[in-house]
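>>> Pasting a predicted model and its sequence here:
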Amino acid sequence: MKGLNVLKKLLVLCSLLLSSMLYADELSSILSENKELLFDYDFKSNELQSDILSKSWINPVQVRYGKDYTTRFKTGTVDTGTFSVYIDQPIFRSGGIYYAIKYSDALRDANEAELKLQRRQMIGDAVSILFNLKKNKLEQKKMRYLVKNDTIDIRQKRDSYDAGILDSSFLDQAILKKSQDEAILLEFELNYLELKQRFSLLSDKNPDKLRLPKLKMMSKKNYTQQNLELKKDVLRAEESSYNAKVTVAKYLPTLSLQGQYTDGDLNPLFAGNGPSNLNEAYYNYGFSVSMPLDINSFSDIEAAKVAKLRAATQVLDRKDTVKEEYQWIDNSLGILDKKIYLARKDEKIYKNLLRLTKDLAEAGEKTSLDADIMSNSLQVRKLDQLIYGIDKQLKLLKLYIRVENVL
């Protein structure tokens with residue numbers, strides 16, 4: 001029996017894990033097909049641009065074919081054709097080639113991290129709207145209970161006013177309160193339509209059929225290690241570091257190899273009447289060492305160094321920001337937990353008051369309207385707990401959209 005209980009627990013755990021994975025898969029594909037397609041194109045473009053940049057140090061091979069005509073000779077028009085292949089390729093740039101390749105890799109990774117962050121934020125916006133749609137429904141339900149209480153309050157005050165017990169200003173205030181609450185309810189209904197319209201711009205799925213995740217507080221270590229904003233800044237700093245080295249190498253000596261293959265008709269001036277010492281097909285090759293002397297070289301190098309230092313400082317600043325973000329969310333969750341605790345206490349109080357009011361109503365000391373007010377207030381505090389729970393999920397979502405491998 002003990003083994004059977006353990007097996008049941010394992011099955012429940014596996015079921016929960018599978019359920020959470022299904023939710024994650026469902027929400028990771030929450031974006032519309034066009035939105036996902038745009039991100040796919042961006043990722044592909046980033047890969048191709050990085051590939052082009054990593055090979056930019058390889059100069060193109062110049063292939064040329066030409067045909068010349070001349071009437072210089074009395075024998076008539078003479079034409080000569082020439083085909084040539086020319087290469088001028090740097091093979092050493094004082095480390096610039098190596099750093100250029102590393103720079104392109106860092107740039108690709110940094111752009112990829114930024115694209116991932118943009119996609120995560122868009123997914124987060126869509127999930128946030130789902131949470132707010134659910135919250136809006138609860139708030140509408142809560143306002144309807146409050147409007148019911150307002151209606152009862154007006155009825156009670158009108159009876160007291162008709163009996164000459166209460167001043168008219170109290171009745172006016174009750175009527176005004178009901179009108180204000182009804183206006184708030186209409187605002188919630190309008191906001192609900194706006195949320196659905198915003199969701200339709202991000203996703204082509206039915207928000208009513210999507211299940212919301214149950215987010216939990218992650219550890220500070222996981223949040224820091226998987227933070228996409230921090231990862232992006234670290235990669236930007238690496239990119240700036242390599243770019244600074246590429247900039248320095250740009251003003252140092254470069255060794256290049258040149259080679260040319262030419263195959264063409266001999267010019268009649270050189271051909272003569274006898275055998276020629278010239279070849280129609282021949283090679284030219286050699287090497288060169290060059291170094292630019294640019295008046296702006298110092299400023300260019302210093303600007304690259306400043307960019308490198310700024311990127312490194314940005315990483316330190318981002319680490320502080322990540323730490324503060326996590327602490328702020330943690331503190332906010334603590335306050336929301338206190339709100340839930342207070343609402344739960346009020347729920348218990350209203351339960352006791354409802355029980356007491358019903359007893360008094362049976363004894364004729366209270367009316368059924370008094371019991372209805374207590375019942376409606378009890379439901380309001382129950383709904384408040386659910387609303388605060390969604391507020392907690394929205395706070396946690398701020399963490400989740402900034403990290404990888406979640407949702």
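That came through fine. Residues are numbered from 1 along each chain as shown.
>>> how far out from the middle of the chain is stretch 240-257?
34 Å (CA atoms, centre = their mean, to the nearest Å).
>>> residues of that stretch that come out buried?
Under the neighbour-count criterion of 16 or more other CB atoms under 10 Å, stretch 240-257 has 240-251, 254, 256 buried. The C-beta positions use only the backbone N, C-alpha and C, and glycine is treated the same way.
>>> Distance to residue 161 and pLDDT added to those, as JSON lines?
Listed next are the buried residues of stretch 240-257 as JSON lines, based on distance: CB to CB, whole Å; pLDDT from 0 to 100:
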{"residue": "240", "distance to residue 161": "75", "pLDDT": "92"}
{"residue": "241", "distance to residue 161": "79", "pLDDT": "91"}
{"residue": "242", "distance to residue 161": "81", "pLDDT": "90"}
{"residue": "243", "distance to residue 161": "79", "pLDDT": "90"}
{"residue": "244", "distance to residue 161": "81", "pLDDT": "91"}
{"residue": "245", "distance to residue 161": "85", "pLDDT": "88"}
{"residue": "246", "distance to residue 161": "84", "pLDDT": "89"}
{"residue": "247", "distance to residue 161": "84", "pLDDT": "88"}
{"residue": "248", "distance to residue 161": "88", "pLDDT": "89"}
{"residue": "249", "distance to residue 161": "90", "pLDDT": "86"}
{"residue": "250", "distance to residue 161": "88", "pLDDT": "85"}
{"residue": "251", "distance to residue 161": "91", "pLDDT": "85"}
{"residue": "254", "distance to residue 161": "97", "pLDDT": "84"}
{"residue": "256", "distance to residue 161": "100", "pLDDT": "86"}
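>>> residues in contact with stretch 221-239?
Contacts to stretch 221-239, defined as CB atoms under 8 Å, 6 or more residues apart in numbering, come from residues 103, 106-107, 109-110, 113-114, 116-117, 120, 308, 311-312, 314-315, 318-319, 321-323, 326, 399, 402-406.
>>> among those, which ones are buried?
103, 106-107, 109-110, 113-114, 116-117, 120, 308, 311-312, 314-315, 318, 322, 326, 399, 402-403, 406.
>>> Which ones among those residues lie within helices?
If you go by DSSP state H, the buried ones among the contacts of stretch 221-239 have 103, 106-107, 109-110, 113-114, 116-117, 120, 308, 311-312, 314-315, 318, 322, 326, 399 in helices.
>>> Read off the pLDDT value for residue 165.
As predicted, residue 165 sits at a pLDDT of 83.
>>> Please apply the same query to the one 5 residues further on.
Looking at residue 170, its pLDDT is 87.
>>> For the closest residue to it other than its chain neighbours, pull up the helix or strand it's in.
Nearest residue to residue 170, sequence neighbours excluded (CB to CB, 6 or more residues apart in numbering): residue 157, at 5.5 Å. Under DSSP states H and E, the secondary-structure element containing residue 157 is helix 96-162.
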